[in-house]
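K.L.:
Output the structure for:
(one chain, ligands or ions: 1)
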Amino acid sequence: MSDAPVTDVKTNLVGLTKEGIETFFADLGAKPFHGRNVLKWIHKHGVTDFDAMTDVPQKLRERLARETEIRLPRIALEQPAGDGTVKWVLELADGQHVETVYIPEGDRSTICVSSQVGCALDCSFCSTAQQGFNRNLTVDEIIGQVWLASRALGRAPTNVVMMGMGEPLANFDNVVPAMDLMQEDLAYMISKARVTLSTSGIVPALRRLREVSDVSLAVSLHAPDNALRDQLVPINRKYPLEELIPACHDFIRHDRRRKITWEYVMLDGINDSIAHAKALIRLLQGVPSKVNLIPFNPFPGSDYKTSPPDRVEVFRQRLKRAGIMSMTRKTRGDDIDAACGQLVGKVRDRSRRQLRRIPIVQESRP
Ligand code: SAH
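P.N.:
Coordinates of the predicted model:
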């Protein structure tokens, strides 16, 4: 081992990918395979105590304990919903809060992961937007959500969707390594088909993503034409549909079995008519697609209303008849404000609902 000086800033090992930890160990003068073992201890076994890492030499363990750390977000609040969905409010090292949602469904378990504290994109129907943008999450804060969920469940979730707070492609450099760790055999071993990045459509970042990652793609479309999408998803003014749709198509072009999942929030009287369905069918022509119709989840201060279920069904049937696979997303966890678009974090939650009065408060546990 080299005798590099001890610095004040400890590297948090939770945020290192396999390549990252190998390099880090090599720089310490240690064997890269010890790095891989540590990665396995942390993510596969949930171990946060260096002393428990029995296949790592004692000297190295002592040095790691001095110079590095294994730091995870703290669960500030655990809120179970009636349908088995659980929402965690996580407190980060600087006191910021983000939310993670766990959604069980038979044999499957999906966790909905946040990528930013707040969001800058200002979609008009999303409550995270009301909080504004605060900061990007780091790799360890993103993968830390999967770590916590795995410990709470006793196993890794089967699916991860980057559909919590924030725009993942606006935090590219942290989201990509975190998604790599989700797929990593030494960590969570979730297949690329079951890791889904959801984006409002930052086209250059989407094109970059294609070069480095092969996860599944969901795109928040919500409108079949630019005029309406400009209103609902303002990033459309920068990257309009004529740029977005080809970029999405290119993302899956290398694999004929793949489809883009288009998310389409059903807003009463805004985007839910037959004419909108027809326009959507034209827009998606030739692009392998699945459409997820999401009943709008209301939140205090929003003017929109949810489309009536029969209108959603008519819309869905239209798409189906045109050969577009389409399903209506079940609303899960809405009784605890954990449904899509209801994640708001600290700013409003704190004042409105007085989190501390809700009894189930627990520390993160190994
Ligand atoms: N920023 C990313 C991921 C965040 S949200 C994105 O835009 O895709 C995940 C999904 O929930 C998005 O499709 C988003 O548009 C949708 N959503 C936001 N607010 C909603 C609401 N109030 N009701 C239903 N869906 C909503």
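
K.L.:
How is A129 assigned, secondary-structure-wise?
P.N.:
When classified by DSSP: H, G, I helix; E, B strand; the rest coil, A129 comes out as helix.

K.L.:
what's near enough to touch it?
P.N.:
119, 121-123 (C-beta atoms under 8 Å, 6 or more residues apart in numbering). Quick note: C-beta positions are derived from backbone N, CA and C, even for glycine.

K.L.:
Which one of those sits in the busiest neighbourhood?
P.N.:
Ranked by the number of neighbours (other C-beta atoms under 10 Å), the contacts of A129 place C119 first, at 26 neighbours.

K.L.:
so that residue sits right up against T128, yeah?
P.N.:
Yes - taking contacts as C-beta atoms under 8 Å, C119 lies within contact range of T128: 4.7 Å.

K.L.:
I'd like to know how many residues surround A149.
P.N.:
The number of residues packed around A149, counting by other C-beta under 10 Å, is 24.

K.L.:
Could you check the helix or strand containing it against the ligand for contacts?
P.N.:
Assigned by DSSP states H and E, A149 falls within helix 139-153. No - judged by C-beta under 6 Å from any ligand atom, helix 139-153 and the ligand are separated, with a smallest distance of 13.1 Å.

K.L.:
who's in contact with that helix?
P.N.:
12, 14-17, 42-43, 46, 71-73, 75, 86, 88, 90, 92, 98, 100, 102, 109, 111, 113-115, 156-157, 160, 164, 174-175, 177-178, 181-182, 187-188, 364-366.

K.L.:
Could you check stretch 19-36 and say which residues are buried?
P.N.:
20-22, 24-25, 28, 30, 34-36 (16 or more other C-beta atoms under 10 Å).

K.L.:
hmm, back to that, check which helices and strands whatever helix or strand comes next after the helix holding A149 sits against.
P.N.:
As assigned by DSSP H and E, the chain's next helix or strand after helix 139-153 is strand 159-162. Applying 3 or more C-beta pairs under 8 Å, 6 or more residues apart in numbering; DSSP states H and E, we find strand 159-162 packed against strand 108-112, helix 172-183, strand 195-199.

K.L.:
least reliable of the ones you listed going by mean pLDDT?
P.N.:
When mean pLDDT is averaged over each of the helices and strands packed on strand 159-162, strand 108-112 scores lowest at a mean of 95.

K.L.:
Say whether the ligand is contacted by that one.
P.N.:
No - using C-beta under 6 Å from any ligand atom, strand 108-112 never reaches the ligand; the gap is at least 7.9 Å.
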